[in-house]
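Asks: Can you look at this prediction? I've put the sequence above it.
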Amino acid sequence: MNRYPLWKYAMLVVAMLVGFIYTLPNFFGEAPAVQVSSAKVTVKVDGTLRERIEAALTAAQIKADFVQLEGSSIKARFADTDTQIKAKDVISKSLNTDPADPTYVVALNLLSRSPHWLAALHANPMYLGLDLRGGVHFLMQVDMKSALTKKAESLTGDVRTMLRDKNIRHAGISRDGNNVVIAFREPEPRQQAQRLLTDQLPDVQWADTADGGLLGTLKPQAMVAVQDAALKQNITTLHNRVNELGTSEPVIQQQGLDRVVVQLPGVQDTARAKDIIGRTATLELRMVDDSAEAQAALTGAGPVPFGTERFMDRAFGPIIVKRQVVLTGENLNDAQPGFDENQQPSVDLTLDAKGARIMKDLSRENIGKRMAIILFEKGKGEVVTAPVIRSELSGGRVKISGAMTTQEANDTSLLLRAGSLAAPMEIIEEKTIGPSLGAENIQKGIYSVVGGFIAVAIFMSIYYMLFGVFSSLALGFNLLLLLALLSMLQATLSLPGIAAMALALGMAIDSNVLINERIREELRGGAAPQAAINIGYERAFATILDSNVTTLIAGVALLAFGSGPVKGFAVVHCLGILTSMFSSVVFSRALANLWYGRQKKLKTLSIGQIWKPAAEASEPVAKA
Amino acid sequence: MELFRIKRDIPFMKHALLLNAISFITFAAAVFFLVTRGLHFSIEFTGGTVIEVEYPQVAQIEKTRHSIEAMGFGEVQVQNFGSSRDVMIRLPVRPGEKQTEVVDKVFGALCKAETGTISAKQLVTDKGEEISKQVCTTAAGAEPIKLSRSEVVGPAVGAELAWDAAKALLATVIGIIIYLAIRFEWKFALAGVIANLHDVVIILGFFAFFQWEFSLAVLAAILAVLGYSVNESVVIFDRVREAFRKYRKLNTHEVIDHAITSTMSRTIITHGSTELVVLSMLLFGGPTLHYFAVALTIGILFGIYSSVFVAAAIAMWLGVKREDLVKTPINKEDPDDPNSGAVV
C-alpha cells in the first residue's frame, strides 16, 4: 500500500529538475557589463546598433561573453572589470562621435553570470530589491485634479474652434472648474450647438443651464480615461528621464490609481536622481496678449484683463498671457537644440499631427504676434520663451531662435523635452539604501534561513530519526521549489521576502510534525508499520489542509491590503504555504515509500521511540 | 525519544477560571499599556524622516544630536542602530517644510560637523557597477561619515498605510471566523478568534510597554502568526469533536481535557520548531529583522498558551455541547469510527 505509481515518482523527479534549473541562476552571482541605452527620445536602440557595438569591440580586440539586445537597451558582459572599463571607452568612442552631445548613454553595470543556456530556458535570477542591492526609491503622487482641469481647458478650446467652423453664434465660452460653460443669446444656435457637440465630443455630457446656456461635463468613464492617460504619459516621460541615468533595472510602475513608484538600483546620488526625475514640469503653449489693456496692466496702470494671466518671462520680466491653452506638452514630440540660418543657437520643436494642424492655423492667423511657451513647475508657471511668429508654421516643425546662448538652447530644449508630463507629480516617499547595507542585509537574510533550516533539520533528525531525515529533505525540497517559483515569476526579492522564506520553513515543518506524530500514534495504537505510514499520512492530511488554509487567509489579506515591503512578504508567504503542502505531503511520502514500501515484512519504523502509557514501567516496546 | 509522556488527561478545565483570569489580567495590562503609552509607530505609519549614518569610529551620539538640534527640526531622536558606529536619526514631519530636502540638509550639517564637505562622486564598485553618490570628504581625503540609508515618508502615505493595516487585520479575522464557522460551529469560531485576537493584543501590549518600534514588518509578523496559531485551535477543536463522538460517557469538561492533553505534545513540537527558525532570525537577522522576529516569538509563545488554555475554555463558557457538533455529518472523515453509525 505504500507504493507510489511510477508517474508520481516521475512527476517528483520532473519537479525537482525544474526546481534545480530555475533556482540555479541565482547562484552564479553577477559579472561586470556595459549597458548602452538611448540618450535621446528620437534615437532607437535596435539590432543594427548591436552589430555596431560588436564590430567596435572586435576591432579593439576585446572579447565579450555576449552582446545582446534586451528591451530598450543593449548589454554586453565581460569577464572582469578591467575589460569592462576598456570596453566602455571603446563603445562610447565609437557610438558618441560628439562627446558634448552624446547620442547614447554608455554605463557600467552588472549582469547575471549564469550561462547562456539557462537564460535561453528563461531561467533568470530573481531581482534583488533595493534593500538588498542599494539604490533609491521614490513614490510619486500625480496631481489628477490638474490633469482634469487641463483637459477641460483644452475642451474649451476645441468647442470654440468647432462652433466657429460651423458658424454657430454664442455669447461666450468659459471653463468653470472642470466644466465647460457656453452662453447663448437665442435658443436656436444652442440646439445646433448641442447637436454638433454631442456628435463630435462623445466624451462630454451636455446639459442645459438655467440661463439658456450649455454646461459640458466629462463623462465618468472619460474622466477615468483622462487620469489613466495622464498616468501612462507620466510613466513614459519618467522612463525617458531615467534613461539618462543609465541604471540597469529601473522600476517605474503604477501604484494605485494616481501614484508612480520609481526604483533606481545602484543609484546613490539622490540629489541628482531627484533632479532628473523630479522635474515635475508641464508645458503649455499660449498666446501673448499685447493689447493696450494688457500693456496698461504690465505697467501697473490697470488690472489684468479678463481671460488673461500674468507670468514672468525668464529673460524679459512680466508678460500678460491669454488663459486659453493652444497646445500642451502632449502635442510636443521632441525638442532639440540647433542653429538657425544666421548661425544663431535655436530650439527646434517637432509637433505631432494634431499639434501641427493647430500650430498651422494659429500661426497663419497671428503673424506678427507673440506666443509664449510656459513651463509649470509645482503649479507655478514661468515663460520659457515668447517668440514672435514671423510666418505660417506648417509641417509641425517650429524653430525658436534669437537672444540665447548655445547652453540656453540646450537647457531649454531639455526642459521642453523632459517637460512633457501630462500632470504634475510630487515625491511623497523617498528611500535610499547604501550598497554595503544591502550586501549586509543579504548576508543576514541568508544566515537566518540557513541557520533556521539547520536547527530544524537537526531537531527533526534526532526526534524522529529516519522520518525526521525525510522531513528535513522535504523541507529542503520545499525551499528549492519556493526559490524556483520566485525565480520563474521574476519576483523581486527583498529582506521581508527572505524573512517570509525563513518563516515558511518554520511553518512547513509543522505538516511533517503532524504526519510523524500521527504515525507514532498509530503505532502506539498497535497498527502494523506499513498501515501506520499509510494511515498517518492520510489522517494528517485533513489537519494539514486546515492549518494551511488559516495561514493562507492571513497571507491573502496581507497580499490584498499590503503595499511595498508587506506585499513582498505576503507573496513569498503565500507561495511558501502552497509549496510546503506539496513537498511535506507528497515528497516526504515518496521518500518513505521508496525506503519502506518494498519491505513486505516490515517490523519497525525508524521514527523515534514510541512510548506507550500502559507499558510505562517496562522497556520501550517499539524501538527504532 | 518522546518528550511528553502524559499518563492521564490533565484536568485543564478545572483550572479554567484561574487560567482565564490570568489571560484576562495580561490582556487588561496590554490594553492599559496600549492606552497609556501607545505604540511607537515607525515613520512608515506616522510620516517623517529616518537617516542612518555610519562613522568610521565609535559615534558620538551627543555631538550628532547637538548638530541636528541646532537645525530646529523639533523633536529629534538620535540613537545607535545595530552597532556603536551606526547612528539612526528620526525627524518628525513638519508642516511647511520641504520633506525631500531634509535628508540632504541633515547630512550636510553632520558632514560639516566633521569638518568635511559634500561632493558628488562617480565611483565604480569592485564588482564593476557604476555608482554615483554624495560623499562627505575632509581636506585630508578621509570619509568621516557615510550615509547608509534614508527614508522619507509623507504624512498622507502614513495615514493610508495605517488604514490598510486595519483592513488587513479585519479581513483576516473575518476570513478566519467564516472558515471556522463553516468547519465547525459559531461557538468554536468565536472562541478561536477571541483566543487568538487576545494574542494579538498581548503582542501589541509588549510593543507598547517596551516602546519597541512598530513597523510594517511587525504588522506582517502579527498577521502571519494570527493565521498560524488559529490552526492550533482548529486541531484542538477537531479532537474535541472526535472525543465527543468516541467517548460518549465523558462530559464536556473531560472531553476538552482529553482533547487538549492529546494534542499538547504536537502543539509544543510544531510551535517549538517554528520558533527555532524565528530564533535563528533573531540571532542572525540583524536590526532590520529584529522586531519582526520578536513579534513572532511573542506570538508563537502566546499562541501555544492561548490555544491550549484559552480557546477551549472560551468555547466551554460559550456552552459547547455534544449536540452542537455531532449533528454535523463528520463520518465522511472518519469511516473507521465504531460509533459512526450512531450519528444522527
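Replies: Arrived safely.
Asks: which residue ranges form the strands in chain B?
Replies: Per DSSP state E, chain B carries strands over the ranges B:40-41, B:48-54, B:77-81, B:83-91, B:116-124, B:130-138, B:146-153, B:213-214.
Asks: show me what contacts the closest residue to residue A:15 other than its chain neighbours?
Replies: Of all residues not flanking residue A:15 in the chain, residue A:481 sits nearest, at 6.9 Å (Cβ to Cβ, 6 or more residues apart in numbering or on different chains). No exception for glycine: its C-beta is placed from N, CA and C like everyone else's. Applying Cβ atoms under 8 Å, 6 or more residues apart in numbering or on different chains, we find residue A:481 in contact with A:15, A:19, A:579, A:582, A:583.
Asks: nearest to residue A:38, of the strands of chain B?
Replies: Nearest of the strands of chain B to residue A:38, taken as Cβ to Cβ: strand B:130-138 at 17.5 Å.
Asks: neighbours of residue A:449, just the number please.
Replies: By the criterion of other Cβ atoms under 10 Å in any protein chain shown, residue A:449 has 23 neighbours.
Asks: Please apply the same query to the one 10 residues further on.
Replies: Burial of residue A:459, expressed as a neighbour count using other Cβ under 10 Å, amounts to 19.
Asks: do residue A:223 as well
Replies: Using other Cβ under 10 Å, residue A:223 has 17 neighbouring residues.
Asks: in which helix or strand would I find it?
Replies: Residue A:223 belongs to helix A:220-243 when assigned by DSSP states H and E.
Asks: buried set for that helix?
Replies: Residues A:222-223, A:226-227, A:230-231, A:233-235, A:237-238, A:241-243 are the ones in helix A:220-243 that count as buried (16 or more other Cβ atoms under 10 Å in any protein chain shown).
Asks: In the stretch 151-300 of chain B, mark out all the helices, start to finish.
Replies: For the stretch 151-300 of chain B, applying DSSP state H, counting those that start in this stretch gives helices covering B:155-183, B:186-210, B:216-246, B:252-284, B:286-305.
Asks: Tell me which residues are up against stretch A:57-77.
Replies: Here stretch A:57-77 makes contact (Cβ under 8 Å, 6+ apart) with A:31-38, A:45-47, A:49-50, A:53-54, A:78-79, A:83, A:86-87, A:90-91, A:109, A:111, A:113, A:116, A:243.
Asks: Write out the residues of the stretch 301-450 of chain A neighbouring chain B.
Replies: Counting by Cβ under 8 Å from any Cβ of the partner chain, the positions of the stretch 301-450 of chain A adjacent to chain B are A:427-437, A:440-441, A:444-445, A:447-449.
Asks: thinking again about what came up before, could you flag which of the contacts of residue A:481 are buried?
Replies: Among the contacts of residue A:481, those buried by neighbour count (16+ other Cβ under 10 Å) are A:15, A:19, A:579, A:583.
Asks: wait, the second one sits on residue A:476?
Replies: No - with contact defined as Cβ atoms under 8 Å, residue A:19 does not reach residue A:476; the gap is 10.3 Å.
Asks: so who does residue 291 touch?
Replies: With no chain named, the answer covers chain A. With contact set as Cβ under 8 Å, 6+ apart, residue A:291 has these partners: residue A:305.
Asks: I was after chain B.
Replies: Residue B:291 sits next to B:207, B:212, B:213, B:214, B:215, B:217, B:218 when contact means Cβ under 8 Å, 6+ apart.
Asks: hmm, 10 Å instead?
Replies: For residue B:291, the contacting residues are B:42, B:207, B:210, B:212, B:213, B:214, B:215, B:217, B:218, B:221, B:282, by Cβ atoms under 10 Å, 6 or more residues apart in numbering or on different chains.
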